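# Kindly return the folded structure for what I paste below:
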Amino acid sequence: MKNSAHADWLRFYAELLKCRRINIVPRMNDVQPGKATYNKHGTRAISVLWPLKANGRLALLANFGDDLLQIASGLVDLHNGGRPHRFA
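Now for the predicted structure:
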């Protein structure tokens, strides 16, 4: 690519897809249907937990804002200690 910014973005997204292929896709069949929970963190961030059949969890923390997201405890604790919303 001629534009280095475009090449940087391409590398970034290629790395995200590789991470998904290695870490998330193999666990999809272990997700317990209908058990996911989510929490909102301010107006620009969410966390989602998908319980796995083998007692693990698949977790996502997404910050859609420009500011740093500060969390006092671990992602799993936010759902266990808080009031998570359950997906229907």
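# Walk me through the domains of this protein.
1-29, 31-88 (automatic domain parsing).
# next SSE after the longest helix along the chain?
Assignment by DSSP state H gives helix 4-19 as the longest helix of the chain. Per DSSP states H and E, the first helix or strand lying C-terminal to helix 4-19 is strand 37-41.
# Mind giving me the packing neighbours of the helix or strand just after that following strand?
Remark: after strand 37-41, the chain's next helix or strand is strand 45-51, criterion DSSP H and E. Where contact means 3 or more CB pairs under 8 Å, 6 or more residues apart in numbering; DSSP states H and E, strand 45-51 is packed against strand 37-41, strand 57-63, helix 75-81. (C-beta placed from N, C-alpha, C; glycine too.)
# if I read this right, Lys40 contacts Ile46, doesn't it?
Yes: between Lys40 and Ile46 there is a contact at 5.6 Å, judged by CB atoms under 8 Å.
# So if I had to pick from these two, which one is more boxed in?
Neighbour count, other CB atoms under 10 Å: between Lys40 and Ile46, Ile46 has more, with 15 against 10.
# The more buried one pairs with what?
Listed by DSSP bridges, the beta-bridge partners for Ile46 are Lys40, Ala62.
# My guess is it contacts Thr37. True?
No: using CB under 8 Å, Ile46 is not in contact with Thr37, being 10.8 Å away.
# pLDDT value on Asn80, please?
Looking at Asn80, its pLDDT reads 50.
# Show the contacting residues for the most centrally placed residue in the chain.
The centre of the chain sits closest to Leu60, judged by CA atoms, centre = their mean, with a distance of 1.5 Å. Going by CB atoms under 8 Å, 6 or more residues apart in numbering, Leu60 touches 46-49.
# Thank you, goodbye.
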